[in-house]
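Asker: can't give you the sequence, but here's the structure:
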């Protein structure tokens with residue numbers, strides 16, 4: 001019989017749930033165009049609680065917040081140049097999108113604000129989780145280590161969130177922001193897994209570790225390519241070239257989008273293969289079948305995004321299924337005997 005959950009495990013679960021909800025809210029923010037709903041950070045239009053009407057803002061607020069944002073961008077550009085990142089500094093400095101002032105939109109401001117609330121909650125739970133992990137310093141050093149890594153990544157991601165706002169959703173920064181969030185949640189899951197020592201009969205007989213590692217890398221890579229492709233779609237939209245023959249102009253999005261579009265079929269094939277391996281052992285591959293359903297849903301929603309040019313509802317669901325897939329596959333592989341004792 002499994003032991004009862006400890007306070008560390010309970011707090012860890014809440015931390016993971018909060019970070020996971022950030023994925024969902026991030027998808028909503030992205031789909032509704034609310035990324036710049038609050039032009040400043042950590043406040044929203046200079047207020048702790050967002051306004052509900054433009055009448056609550058002082059005259060000329062657009063230029064006021066634009067100047068503040070440009071001041072932050074200037075400091076960041078100087079920092080990048082100090083570290084020898086001249087090319088990245090120039091790309092930010094010369095990006096005309098940064099010069100666009102942000103008009104107030106109440107729904108978008110509140111969507112972004114709720115997203116930030118969950119970011120704060122994630123930080124508080126992660127801090128408590130880190131404090132509770134200190135008792136593992138001698139007995140289970142890896143539990144503390146992975147918790148510390150997750151906490152640091154969460155702090156980095158919060159900083160990246162402010163950079164995303166400062167650069168007006170500059171392409172590339174959004175993808176790094178997304179990547180850091182994934183690595184953060186993986187670290188917390190790993191910490192709880194080591195402490196909990198879950199028992200599982202799952203064993204992919206005769207499946208090489210190399211294939212399992214490729215499986216995970218594919219799941220992670222497909223999502224990151226999706227984020228990159230979404231940024232390319234935004235660039236095309238700003239140029240008025242995102243629609244071709246009534247559909248999304250994916251032919252102009254390059255090789256990255258082609259990989260994002262077709263690699264899920266490879267992922268689906270490997271998942272079905274693993275399902276057959278588990279079934280042959282007389283076990284019920286429930287988690288694997290859930291992964292199969294998520295991949296199929298992802299493929300259908302991707303086709304809808306192309307056919308009807310990124311409807312907000314399908315974008316949100318596409319991001320939800322896409323963000324959940326690597327997490328499910330990561331847990332699936334942790335439960336497998338071949339991965340269980342890996343560092």
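Answerer: Everything's here; your move. As the structure is a prediction and not an experimental result, all values here were calculated from the model.
Asker: Against residue 185, how distant is residue 172?
Answerer: The spacing between residue 172 and residue 185, counted by CB to CB, to the nearest Å, is 21 Å. The way it works is simple: take the backbone N, C-alpha and C, and place the C-beta from them, glycine included.
Asker: Going along the chain, name the helices of this structure.
Answerer: Listed in chain order, the helices of the chain (DSSP state H) span residues 7-32, 61-82, 86-93, 106-133, 141-166, 173-196, 209-238, 254-279, 286-307, 312-335, 337-340.
Asker: For stretch 180-193, which outside residues touch it?
Answerer: 8-9, 12-13, 15-16, 19-20, 22-23, 26, 126, 129, 133, 142-147, 149-150, 153-154, 156-157, 160, 220, 223, 323, 326-327, 330-331, 334 (CB atoms under 8 Å, 6 or more residues apart in numbering).
Asker: Filter those residues down to the buried ones.
Answerer: Of all the contacts of stretch 180-193 considered here, the ones buried according to neighbour count by 16 or more other CB atoms under 10 Å are 8-9, 12-13, 15-16, 19-20, 22-23, 26, 126, 129, 133, 143-147, 149-150, 153-154, 156-157, 160, 220, 223, 323, 326-327, 330-331, 334.
Asker: low-scoring stretches of the chain, by residue?
Answerer: Under the criterion pLDDT under 70, the flagged ranges of the chain are 1-5, 165-171, 197-201, 205, 337-343.
Asker: residues contacting the residue nearest the centre of it?
Answerer: Centre of the chain computed as the mean C-alpha position; nearest residue by CA atoms, centre = their mean is residue 178, 3.7 Å away. If a contact means CB under 8 Å, 6+ apart, then residue 178 has 26, 223, 224, 227 as its contacts.
Asker: Repeat the analysis, applying 6 Å as the threshold.
Answerer: Contact partners of residue 178, counting by CB atoms under 6 Å, 6 or more residues apart in numbering, are residue 227.
Asker: Repeat that for residue 271.
Answerer: By CB under 6 Å, 6+ apart, the contact set of residue 271 is 291, 292.
Asker: quick revisit: in terms of neighbours, single out the busier of residue 172 and residue 185.
Answerer: Counting neighbours by other CB atoms under 10 Å for residue 172 and for residue 185 shows that residue 185 has the greater number, 25 against 13.
Asker: how much space between that one and residue 298?
Answerer: Going from residue 185 to residue 298 by CB to CB gives 18 Å.
Asker: What residues of stretch 203-222 count as buried?
Answerer: Neighbour-count burial for stretch 203-222, with 16+ other CB under 10 Å as criterion, is recorded at 203, 204, 207, 212, 215, 216, 218, 219, 220, 221, 222.
Asker: For residue 285, what are phi and psi?
Answerer: With angles defined as degrees, to the nearest 10, residue 285 sits at phi -80, psi 60.
Asker: What count of nearby residues applies to it?
Answerer: Here the number of neighbours of residue 285 (other CB under 10 Å) works out to 20.
Asker: how close does it get to residue 179?
Answerer: Summarising the geometry, the distance separating residue 285 from residue 179, computed by CB to CB, is 29 Å.
Asker: how about residue 255, what does it touch?
Answerer: With contacts defined as CB under 6 Å, 6+ apart, residue 255 is in contact with no residue.
Asker: Can you tell me how far residue 298 is from residue 149?
Answerer: When distances are taken as CB to CB, residue 298 and residue 149 turn out to be 28 Å apart.
Asker: nope, residue 253 is what I was after
Answerer: Per CB to CB, residue 253 is found 33 Å from residue 149.
Asker: ok, residue 304 to residue 312 distance?
Answerer: Note on residue 304: its distance to residue 312, by CB to CB, is 12 Å.
Asker: Look at the two and report which has more neighbours.
Answerer: More neighbours surround residue 304 than the other of residue 304 and residue 312, with 17 against 13 (other CB under 10 Å).
Asker: That one reaches residue 314, doesn't it?
Answerer: Yes. At 4.5 Å, residue 304 and residue 314 qualify as touching, with contact defined as CB atoms under 6 Å.
Asker: can you list the domains in this protein?
Answerer: Domain assignment of the chain by automatic domain parsing yields the ranges 1-197, 201-343.
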